[in-house]
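[1] pasting the sequence and the predicted model now:
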Amino acid sequence: MKVQVKAFATFREVMDSQFDLDFLQGATIRTLLEDLIERYDGVGELMFASPGTLRDFVNILKNGRNIHFLGGLDTPLDDGDVIALFPPVAGG
Amino acid sequence: MAALSNEQKERYKRQIAVVGEDGQEKIGKTRLLIAGAGGLGNTAALFAAMAGFGSIRIIDPDRIEETNLNRQLLYREADIGRPKADTAAKALHAMNSSIDVEPVTAAIGTTPVRDLIRGIDVVIDGLDNYPARFLLADAAWKCGIPFIHGAVEGFYGQVCTIIPKISPCLRCIVPNPPPVRETPIIGVTTGIIGCVQVTEAIKLATGSGIPTSDHLWLWDGSRQKSDRLKIERIPACHICGKDEYQIRAGERMS
């Protein structure tokens, strides 16, 4: 299945802005992040506080819905999903 | 509604050509709260004053520092050490003496938030941290006042116009905020985002255009690219979950 990944703001400094990834059935958000860590230097350090624990400010949206309110890292991926990786900015 | 004076018709001539005399009158009757007199607040306040918003309340607890001068365009070198809210108010009055400007030197949270937003029609977010943003945005939501969220870091910025009972609230849009810290900022980014926020305020005041109310608008100045990020309301959100949630027909953007 094909999933579209969109990275925003400072996440673009370690990965492409938008790209498609192919996964097998059963893949989850965790699978996707593991793929990104292998694919791009710096993703692991930027997004994870420790192995398996996302940094607090990492917002991951599956089709506009925050995975925190779906199944977290175990949220299943579906064909055609748009996954947005979004670090909100704070300054004024 | 009082008609525009001949002086106002001349002053706002180019703008009246866009929003009409009726629209200009509505702008003149709109009371803004600009929360924060930093980079976003300075830009937003300046363009709001020039546009003729009739009443601007601007709040900030701080004094002007040298490090502010890369982006806070209402201040001059001689202003270093002066209170931001008062100094901004003087600059705005010099720009447009026909509007009311009320400076408040206080932090969000040390002044009762409901008092701050009493009599206000639209809040513009020029704050630099999410604890203060949530305090103000929650109160604005409960009072039915639109809250034009803006934030910046480096070359990046974001804007969302939160319209109570129509949009998701700020807690739904940013459920996982970044920690409070000194943010790196390119001055022009606050200029761009502050201008977008006033564009939103003009649309709300006049009823023209389509506000950015059902998605987050993201600006990437390092790639000269902007995106819209659709964000759904959090189920059972304790701020907006109790209200009937709907997107106005025709406003849904992909």
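    Great, that's in hand.
[2] tell me the phi and psi of the closest residue to B:V180 other than its chain neighbours?
    Leaving aside its chain neighbours, B:V180 sits nearest to B:N129 (4.5 Å; criterion: Cβ to Cβ, 6 or more residues apart in numbering or on different chains). In short, each C-beta sits where N, CA and C put it, glycine included. Per-residue torsions, B:N129: phi -150, psi 150 (degrees, to the nearest 10).
[3] okay, B:N129: pLDDT?
    For B:N129, the model assigns a pLDDT of 95.
[4] give me the neighbour count for it.
    B:N129 sits with 19 neighbouring residues when counted by other Cβ atoms under 10 Å in any protein chain shown.
[5] B:G36 versus that one, what's the distance?
    As for B:N129, its distance to B:G36 is 10 Å (criterion: Cβ to Cβ, to the nearest Å).
[6] residues contacting B:A140?
    B:117, B:123, B:146-147, B:162, B:164 (Cβ atoms under 8 Å, 6 or more residues apart in numbering or on different chains).
[7] now, these that are in helices?
    B:I117 (DSSP state H).
[8] which of the contacts of B:A140 sit farthest apart?
    B:I117 and B:I162 (13.3 Å; Cβ to Cβ).
[9] so B:A89: helix, strand or coil?
    Each residue gets one of three states, and B:A89 gets helix by DSSP: H, G, I helix; E, B strand; the rest coil.
[10] surely it touches B:D100?
    No - assessed by Cβ atoms under 8 Å, B:A89 is found out of contact with B:D100, at 9.9 Å.
[11] do you know how far whatever residue of the stretch 1-150 of chain B ends up closest to chain A is from B:I59?
    The minimum distance from the stretch 1-150 of chain B to chain A, using Cβ to the nearest Cβ, falls at B:D128 (3.9 Å). Distance, B:D128 to B:I59, by Cβ to Cβ: 13 Å.
[12] also A:I67?
    Taking Cβ to Cβ, one finds A:I67 at 36 Å from B:I59.
[13] between these two, who's got more neighbours?
    Using other Cβ under 10 Å, the more surrounded residue of A:I67 and B:I59 is B:I59, with 25 against 20.
[14] can you give me phi and psi for the more buried one?
    phi -120, psi 130.
[15] residues near the residue lying closest to it once chain neighbours are set aside, how many?
    In space, and not counting its chain neighbours, B:I59 is closest to B:V104: 4.1 Å by Cβ to Cβ, 6+ apart. Residues near B:V104, counting by other Cβ under 10 Å, number 19.
[16] and for B:T161?
    B:T161 has 27 nearby residues by other Cβ under 10 Å.
[17] list the contacts for it?
    Shown in contact with B:T161 (Cβ under 8 Å, 6+ apart): B:146-149, B:167, B:200, B:204, B:211-213.
[18] picking that back up, state the distance from the nearest residue to the residue of the stretch 1-150 of chain B closest to chain A once chain neighbours are set aside to B:T212.
    Distances taken as Cβ to Cβ, 6+ apart place A:G92 nearest to B:D128, at 3.9 Å, with adjacent residues excluded. Going from A:G92 to B:T212 by Cβ to Cβ gives 18 Å.
[19] also B:L127?
    In terms of Cβ to Cβ, B:L127 sits 18 Å off from B:T212.
[20] please apply the same query to A:S50.
    In terms of Cβ to Cβ, A:S50 sits 36 Å off from B:T212.
[21] over to B:Y12?
    Distance, B:Y12 to B:T212, using Cβ to Cβ: 24 Å.
[22] cool, and B:V174?
    For B:V174 relative to B:T212 (Cβ to Cβ), the value is 15 Å.
[23] likewise B:C160?
    Distance of B:C160 to B:T212, given as Cβ to Cβ: 6 Å.
[24] which stretches of the stretch 1-150 of chain B form strands?
    B:31-35, B:55-59, B:100-104, B:122-125, B:147-153 (DSSP state E, counting those that start in this stretch).
[25] sorry, that was for chain A
    Listed in chain order, the strands of chain A (DSSP state E) span A:2-7, A:18-22, A:48-50, A:53-54, A:59-62, A:65-66, A:82-86.
[26] now render the ones you listed as CSV, adding mean neighbour count, distance to chain B and mean pLDDT.
    Output for those, formatted as CSV (neighbours: other Cβ atoms under 10 Å in any protein chain shown; distance: least, Cβ to the nearest Cβ, whole Å; pLDDT from 0 to 100):
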stretch, mean neighbour count, distance to chain B, mean pLDDT
strand A:2-7, 18, 7, 98
strand A:18-22, 13, 9, 97
strand A:48-50, 11, 12, 91
strand A:53-54, 15, 8, 90
strand A:59-62, 22, 5, 95
strand A:65-66, 20, 5, 91
strand A:82-86, 21, 6, 96
